[in-house]
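Colleague: With the sequence up front, the predicted model follows.
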Amino acid sequence: MSVKLTWYGHAAWGIEAGGYNLLIDPFFTDNPVATAKANEVKADFILVSHGHSDHVGDTVEIAGRTGATVVANFEVATWLANKGVKNTHAMHIGGAHDFPFGRVKLTVAHHGSMLPDGSYGGNPAGFLLTIEGKKIYFAGDTSLTYDMKWLADDGVDVALLPIGDNFTMGPEDAVKAARLIQPKVVIPMHYNTWPVIEQKAEDFCSMLGKECEAKCVVLKPGESYDL
Ligand code: NI
Ligand code: MN
């Protein structure tokens, strides 16, 4: 069994595994680098890390079309239900739950979470996913935090880390995050969407290579990584 990760640009990911289609932070319509369209993507489950518009993205529209269950913190899940999303599953940081495709644990992210209409979005999160025996850590929008060191106990196969700086960790702190997490593979995200978060992924990878064992995988929007 394999797990296919597809980067749609920014923090938007697709995961295909075990016959399920997952989306994380499905930001397509207003995403200048997106390679997929909100009215075309498949989804059985949608994971939303926090309330910012570049993460909630097209969740309401996609959930309405597909009937996907949306997994998010309690505040974001409640807001989405009020926007007409029929199937929501509310969780909160530190909590884990077994879904048909695998296990989701909400992890600490230091950031904001205001929803697009100004509503309170609770605390932002990352996700530790266990799918087909593989561990995928999606950090979400966050600063470097020493809490990440606990993830080394989980045996993370792939860490999806923001490197854009300005709104999240920049490349130097993402390298430090990787040193704490000790994943097998790091894939950078949340960069090159707009000029303010432009980064050279190759520079990040060469820095990473000097500091830890993790393999650095750089995807272009639309590209996939199989694990
Ligand atoms: Ni954000
Ligand atoms: Mn963001």
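Modeller: Looks like it came in fine. Ligands and ions are numbered 1, 2, ... in the order given.
Colleague: Output the residue ranges of the helices in the chain, listed in chain order.
Modeller: Remark: helices assigned in the chain by DSSP state H are 53-56, 59-66, 74-82, 171-181, 201-211.
Colleague: Only alpha carbons, please: show the fourth one as PDB.
Modeller: Same thing as helix 171-181. In PDB, the C-alpha atoms belonging to helix 171-181 read as follows (Å, rounded to 0.1, in the frame of the first residue of the first chain):
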ATOM      1  CA  PRO A 171      14.500  28.400   6.300                       C
ATOM      2  CA  GLU A 172      16.900  28.700   9.300                       C
ATOM      3  CA  ASP A 173      14.300  27.800  11.800                       C
ATOM      4  CA  ALA A 174      12.800  25.100   9.600                       C
ATOM      5  CA  VAL A 175      16.300  23.400   9.700                       C
ATOM      6  CA  LYS A 176      16.200  23.700  13.500                       C
ATOM      7  CA  ALA A 177      12.700  22.200  13.400                       C
ATOM      8  CA  ALA A 178      14.000  19.200  11.400                       C
ATOM      9  CA  ARG A 179      16.800  18.700  13.900                       C
ATOM     10  CA  LEU A 180      14.200  18.400  16.600                       C
ATOM     11  CA  ILE A 181      11.700  16.200  14.700                       C
END
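Colleague: returning to what we had before: for the helices of the chain, which one sits closest to Phe45?
Modeller: Set against Phe45 and scored by CB to CB, the helices of the chain come closest in helix 59-66, at 9.7 Å. Using the backbone N, CA and C atoms, a C-beta is placed for each residue, glycine as well.
Colleague: Tell me the buried residues in that closest one?
Modeller: Thr59, Val60, Glu61, Ile62, Ala63, Thr66 (16 or more other CB atoms under 10 Å).
Colleague: name the helices or strands packed onto it?
Modeller: Packing contacts for helix 59-66, counted by 3 or more CB pairs under 8 Å, 6 or more residues apart in numbering; DSSP states H and E, involve strand 45-47, strand 69-73, helix 74-82.
Colleague: Count the neighbours of the nearest residue to Ala12 once chain neighbours are set aside for me.
Modeller: Using CB to CB, 6 or more residues apart in numbering and skipping residues adjacent in sequence, the residue nearest Ala12 is Phe27, 4.8 Å away. Using other CB atoms under 10 Å, the number of residues around Phe27 comes to 25.
Colleague: try the one 10 residues further on
Modeller: A count of neighbours around Lys37, defined by other CB under 10 Å, yields 11.
Colleague: Setting the sequence-adjacent residues aside, check what's closest to it.
Modeller: Phe28 (6.0 Å).
Colleague: Quick check: bridge partners of the spatially most central residue of the chain?
Modeller: In the chain, the residue lying closest to the centroid (CA atoms, centre = their mean) is Phe138, at 4.3 Å. For Phe138, the beta-bridge partners are Phe127, Leu160 (DSSP bridges).
Colleague: Can you give me the distance of it to Asn82?
Modeller: If you measure Phe138 against Asn82 using CB to CB, to the nearest Å, the figure is 25 Å.
Colleague: What of Gly18?
Modeller: Plainly put, Gly18 is 31 Å away from Asn82 if you go by CB to CB.
Colleague: Tell me who's in contact with the residue nearest to Lys37.
Modeller: Tyr8, Ala12, Ala34, Ala36, Lys37, Ala38, Val41, Gly57, Asp58 (CB atoms under 8 Å, 6 or more residues apart in numbering).
Colleague: from those residues, which single one is nearest ligand 1?
Modeller: Nearest to ligand 1 out of these is Gly57 (CB to the ion; 11.2 Å).
Colleague: which phi and psi does the nearest residue to that closest one once chain neighbours are set aside have?
Modeller: Distance criterion CB to CB, 6+ apart; nearest residue to Gly57, sequence neighbours excluded, is Phe27 at 3.2 Å. Main-chain dihedrals, Phe27, degrees, to the nearest 10: phi -100, psi 100.
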